[in-house]
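Visitor: no sequence on this one, just coordinates:
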């Protein structure tokens, strides 16, 4: 049981459930008696009503003197004890409803017209400055008359075009024409009516602009032009972050300008009269019900754990059985997958591992067979020649020595290729990069292969820019020679093989193009595999050992490059390599 995931999961769930339910019940009995009088005496709606009324009062008065009648009316309306205290703990206004003093407790809110509590004031503006706090921006009678006249003209225009409209007066006294069709409203001048800067407002807006600009300079932002409705436009295009910072500076400047026009912040306390408080009493019946609920929760948690745990363990057991059978079945068994959870991901990973191991075993068997095939032919030839010489059937002359040397060189070349591939597989293939001029190296590679091309009448064409690259010159020469020798073997007599080198976006690209037999589309993905030949007979007359292109891929990948191939059978075959390297004009490099 201790080793069972299901058992441990069940025990853990039981412990967590008991501890959490017990802690919750203890916490509930501890805090409910303290909080019940607050829950009975203060609803969010009542607090919001008191708060909203006092914020409006503070926004339209320079102090709290004279607020007592307002507080008294609120107290009678909400049946609350209300106390308003300055931040310095100086009592501003108190209304007692049957109690001598308010209980000690947390304040209901901070009443500050310049920092409205969005949790209590649902329609609080984004600036959190109460809309009634207009201060010096309140319109004079003359300004109001001028705007009323403009509003009448705009209203008539909108009604004539849109059919209906109305005038809404803001706290500052500025009228606004509300239209059901904003486009018609803008055409009739609603925007001008909203932003019109009147003569009496100009000094106030000017002062606000100066305060705002001081803040903007600190943040290294552009100045703004403030309209009569306190909207603004930047003097230069701004990003979203810059607009937010500019709005913050404007809000800060408005608070500074309004600070002497509104009442200072005050602390609001609310409480139910002492005679109306109730305490929570736990009877034996309540305790029994709590125990029943706790037991029900535990049963449900355990049932859910057993259900989920059994479904969780089932695929794990299947994975365990499959893993035990891997050795006996030779990595052929896979597990059925359903769902998309962590266990399903683990199962898919296991199945992929099984498939990979199966493929690796098949490749290992094929590689052993291929190596044996490649070594068997030259060894058989050497043995046959030696037995013939021993039995006197062949003359021990220069021709025999040349034949044996040729077979020995073939064996040596195959072993060297296998060793290179083994080093690449082990990650021990070392490169010696250096800056070299590319054209001479490619000309050397072409010259080395001329002896293979000339007997078949094949012409080797070379196109290379005058550049220098940083590569391992020996490995790059081997790459090119393997590609070109492969192209020669698959070209028709009298044909051509093109070697084209180009530099593109920090890469050296070498294309080897032949116009011989070509490669079928189904065979293209496999041409860089080891020991692979398109000819199923595996005859050496049609190709080499089958390692040349595999070595090309390993050497290119060691340079962090890629190999590619495309072919149109009977027309053209292009084998390409791309190697990342700094590329410089040959004239700018130092002689090597």
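Guide: Now that the structure is in, tell me what you want to look at. What you see is a predicted model, and the numbers here were worked out from it, not measured in a lab.
Visitor: what about the strands in the stretch 351-500 of the chain?
Guide: Taking DSSP state E, counting those that start in this stretch, the strands of the stretch 351-500 of the chain run over residues 434-437, 459-463, 467-471, 496-504.
Visitor: same check, this time on the stretch 101-250 of the chain
Guide: 109-111, 166-169, 175-178, 224-226, 232-234.
Visitor: okay if I get those strands as JSON lines plus mean pLDDT and distance to residue 384?
Guide: Heads up, the C-betas are built off the backbone N, CA and C, glycines and all. Output for those, formatted as JSON lines (pLDDT from 0 to 100; distance: least, Cβ to Cβ, whole Å):
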{"stretch": "strand 109-111", "mean pLDDT": "88", "distance to residue 384": "105"}
{"stretch": "strand 166-169", "mean pLDDT": "88", "distance to residue 384": "110"}
{"stretch": "strand 175-178", "mean pLDDT": "88", "distance to residue 384": "107"}
{"stretch": "strand 224-226", "mean pLDDT": "88", "distance to residue 384": "98"}
{"stretch": "strand 232-234", "mean pLDDT": "87", "distance to residue 384": "93"}
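Visitor: which of the ones you listed sits most buried?
Guide: strand 109-111 (a mean of 21; mean count of other Cβ atoms under 10 Å).
Visitor: given that strand, what are its sheet partners and their directions?
Guide: strand 266-271 (antiparallel) (DSSP bridges).
Visitor: so what's the gap between the partner strand and the chain middle?
Guide: Relative to the centre of its chain, strand 266-271 is centred 47 Å away, using Cα atoms, centre = their mean, to the nearest Å.
Visitor: next structured bit after it?
Guide: Per DSSP states H and E, the first helix or strand lying C-terminal to strand 266-271 is helix 284-329.
Visitor: and that next one, average pLDDT?
Guide: Average pLDDT, helix 284-329: 73.
Visitor: rewinding a little: right, and the strands of the stretch 351-500 of the chain - which one's nearest residue 108?
Guide: Closest to residue 108 of the strands of the stretch 351-500 of the chain is strand 496-504 (Cβ to Cβ; 71.8 Å).
Visitor: buried ones in the closest one, by neighbour count?
Guide: 496, 497, 498, 499, 500, 501, 503 (16 or more other Cβ atoms under 10 Å).
Visitor: got the strands of the stretch 351-500 of the chain as JSON lines, with mean pLDDT and distance to residue 307 columns?
Guide: Shown next, in JSON lines, are the strands of the stretch 351-500 of the chain (pLDDT from 0 to 100; distance: least, Cβ to Cβ, whole Å):
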{"stretch": "strand 434-437", "mean pLDDT": "92", "distance to residue 307": "67"}
{"stretch": "strand 459-463", "mean pLDDT": "93", "distance to residue 307": "72"}
{"stretch": "strand 467-471", "mean pLDDT": "92", "distance to residue 307": "63"}
{"stretch": "strand 496-504", "mean pLDDT": "92", "distance to residue 307": "61"}
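Visitor: which one of these lies nearest to residue 305?
Guide: Of these, nearest to residue 305 by Cβ to Cβ is strand 496-504, at 61.0 Å.
Visitor: show me where pLDDT drops low in the stretch 101-250 of the chain?
Guide: 101-105 (pLDDT under 70).
Visitor: go with 90
Guide: Judged by pLDDT under 90, the stretch 101-250 of the chain has its weakly predicted residues at 101-110, 117-128, 130-209, 212-214, 216, 218-238, 240, 242, 250.
Visitor: can you pull out the helices in it?
Guide: Per DSSP state H, counting those that start in this stretch, the stretch 101-250 of the chain carries helices over the ranges 141-162, 182-188, 190-195, 202-218, 240-258.
Visitor: other SSEs contacting the fourth one?
Guide: Put plainly, it is helix 202-218. strand 224-226, helix 240-258 (3 or more Cβ pairs under 8 Å, 6 or more residues apart in numbering; DSSP states H and E).
Visitor: hang on, the earlier thing: nearest to residue 490, of the strands of the stretch 101-250 of the chain?
Guide: Here strand 232-234 is closest among these (Cβ to Cβ), at 68.9 Å.
Visitor: so what strands line up beside the closest one?
Guide: strand 224-226 (antiparallel).
Visitor: contacts for the strand it pairs with next, please.
Guide: 205, 208, 209, 212, 213, 216, 232, 233, 234, 235, 246, 250 (Cβ atoms under 8 Å, 6 or more residues apart in numbering).
Visitor: try stretch 53-63
Guide: 64, 67, 70-71, 74, 84, 111-113, 116, 121, 130-133, 260-264, 266, 268.
Visitor: for the strands of the stretch 351-500 of the chain, which one sits closest to residue 514?
Guide: Closest of the strands of the stretch 351-500 of the chain to residue 514 is strand 496-504, at 4.9 Å (criterion: Cβ to Cβ).
Visitor: the inter-axis angle of that closest one versus strand 467-471?
Guide: 80 degrees (axes from the mean of the first three to the mean of the last three Cα atoms, to 10 degrees).
Visitor: how about the helices in the stretch 351-500 of the chain?
Guide: 398-425, 438-448, 450-453, 473-489.
Visitor: re the thing from before, among the helices of the stretch 101-250 of the chain, which is the most enclosed?
Guide: Among the helices of the stretch 101-250 of the chain, highest average neighbours (mean count of other Cβ under 10 Å) belong to helix 190-195, with a mean of 18.
Visitor: chain center to it, what's the gap?
Guide: The answer for helix 190-195 is 44 Å, by Cα atoms, centre = their mean.
Visitor: give the buried residues for the helix or strand hosting residue 574.
Guide: Assigned by DSSP H and E, residue 574 belongs to strand 572-580. By 16+ other Cβ under 10 Å, the buried positions in strand 572-580 come out as 573, 574, 575, 576, 577, 578, 579.
Visitor: ok, back up a step: could the helices and strands packed on helix 202-218 be laid out in TSV, adding distance to residue 523?
Guide: Output for the helices and strands packed on helix 202-218, formatted as TSV (distance: least, Cβ to Cβ, whole Å):
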stretch	distance to residue 523
strand 224-226	70
helix 240-258	56
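Visitor: between the ones you listed, which one is nearest to residue 309?
Guide: When the helices and strands packed on helix 202-218 are ranked by proximity to residue 309 (Cβ to Cβ), helix 240-258 comes first, at 49.4 Å.
Visitor: which one in this structure is furthest away from the centre?
Guide: Distance from the C-alpha centroid of the chain, by Cα atoms, centre = their mean, peaks at residue 392 (78.8 Å).
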